[in-house]
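Asker: what follows is a predicted structure for the sequence shown.
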Amino acid sequence: MTSLSTSFSSSRILVIGGGRGIGAALAARLRAEGADVHVSTRDGRTGLRLDLGDEASIAAALDRVGELDHVVMTGSDPHDAPVTELDRDAVVRAFDAKVIGPMLVAKHAAPLLRPGGSLLLFSGVVGWRPAPSSVVKGTTNGAVAFAVTHLAAELAPVRVNAVSPGVVDSGAWDRLGAGKPEFLARAAERTLVRRHGDLDDVVDAAVWLLGARYVTGEVVHVEGGSRLLA
Ligand SMILES: NC(=O)c1ccc[n+]([C@@H]2O[C@H](COP(=O)([O-])OP(=O)(O)OC[C@H]3O[C@@H](n4cnc5c(N)ncnc54)[C@H](OP(=O)(O)O)[C@@H]3O)[C@@H](O)[C@H]2O)c1
């Protein structure tokens, strides 16, 4: 675990999508750092329901949580399909989870943020690595990078940043079953550091960004230099 100069002991933080994966690991780290962490899930199993595709649920959850220092959004509902097989509803769900939902979270969270507060979005390396079947994932992740600049300019002095992970063994890839080790090995080859990411790599960057009071409108790439490879 990285040692941090920032104290989160009096911070109230909402982690949207914190029920599993990177969000859950970040919520656990922030709790260990002393923060008062609220975690929302789509089904409300954490006691707080928030669906990024449902503005009423966004407004209700934020109203319930009240004043906040930081809101982290790790939602992702990917639609990895070839262009000729795109399904409109799935495209919309993907944009809801990564782009439209976070904008609406910004809308409802902005009045609740305390001085020094921030929003933290999640992009992803596919935004910078065009490939077949990645048009939706790539475009949503790219849109996050633009969204943080616009949100940062409009909501200032609230800071708005994003982490852009590479392939991280967060649990999300367990869906590949027996194919997961080969997928992770291939992902490691497609980096400059010859490894795939682990949860601490991303959590370290996210925690740093939450406390980085002179950083806004930025995307921090945590992907081993992957986007620099042809
Ligand atoms: N893991 C990687 O290799 C990788 C690579 C690049 C980028 N990223 C990005 O990093 C972030 C976290 O990734 P992860 O690996 O932790 O993903 P994950 O394990 O697949 O988790 C996805 C999360 O998104 C939430 N979610 C999906 N649709 C939602 C919606 N409509 N409203 C609210 N929440 C929704 C899920 O919530 P429920 O639990 O409630 O269903 C879940 O917590 C994502 O933005 C992802 O795109 C990850």
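Answerer: Received, thanks. Numbering: from 1, shown residues only.

Asker: pull the longest strand from this structure.
Answerer: strand 113-122 (DSSP state E).

Asker: quick one, what contacts residue 196?
Answerer: 166, 167, 168, 169, 184, 185, 187, 188, 224 (Cβ atoms under 8 Å, 6 or more residues apart in numbering). Glycine gets a C-beta too; all of them are placed from N, C-alpha and C.

Asker: of those residues, which ones also sit close to the ligand?
Answerer: Applying Cβ under 6 Å from any ligand atom to the contacts of residue 196, one finds that 167, 168 fall near the ligand.

Asker: in strands, which of the contacts of residue 196 fall?
Answerer: Going by DSSP E, the strands hold none of the contacts of residue 196.

Asker: what's the closest of the contacts of residue 196 to residue 10?
Answerer: Checking these against residue 10 by Cβ to Cβ gives residue 168 as the nearest, at 29.6 Å.

Asker: for that closest one, what are its contacts?
Answerer: Taking Cβ under 8 Å, 6+ apart, one finds 22, 196, 197, 198, 199, 201, 202 in contact with residue 168.

Asker: how about stretch 47-67: buried residues?
Answerer: 48-55, 57-59, 61-62, 65 (16 or more other Cβ atoms under 10 Å).

Asker: can you tell if that stretch touches the ligand?
Answerer: Yes: with Cβ under 6 Å from any ligand atom as the measure, stretch 47-67 is seen reaching the ligand through 50, 51, 52, 53.

Asker: which two from these end up farthest apart in space?
Answerer: 50 and 53 (10.1 Å).

Asker: joint contacts of those two?
Answerer: Counting by Cβ under 8 Å, 6+ apart, residue 50 and residue 53 have no common neighbour.

Asker: can you give me the pLDDT of the residue located most distally from the centre of the chain?
Answerer: Relative to the mean C-alpha coordinate of the chain, counting by Cα atoms, centre = their mean, the farthest residue is residue 84 (28.0 Å). Residue 84 carries a pLDDT value of 98.

Asker: that one belongs to a strand, doesn't it?
Answerer: No: according to DSSP: H, G, I helix; E, B strand; the rest coil, residue 84 belongs to no strand; its state is helix.

Asker: could you check how far it is from residue 126?
Answerer: 19 Å (Cβ to Cβ, to the nearest Å).

Asker: please apply the same query to residue 207.
Answerer: Distance from residue 207 to residue 126, by Cβ to Cβ: 24 Å.

Asker: out of the two, which sits in the more crowded spot?
Answerer: When neighbours are counted by other Cβ atoms under 10 Å, residue 207 and residue 126 differ, and residue 126 comes out ahead with 26 against 21.
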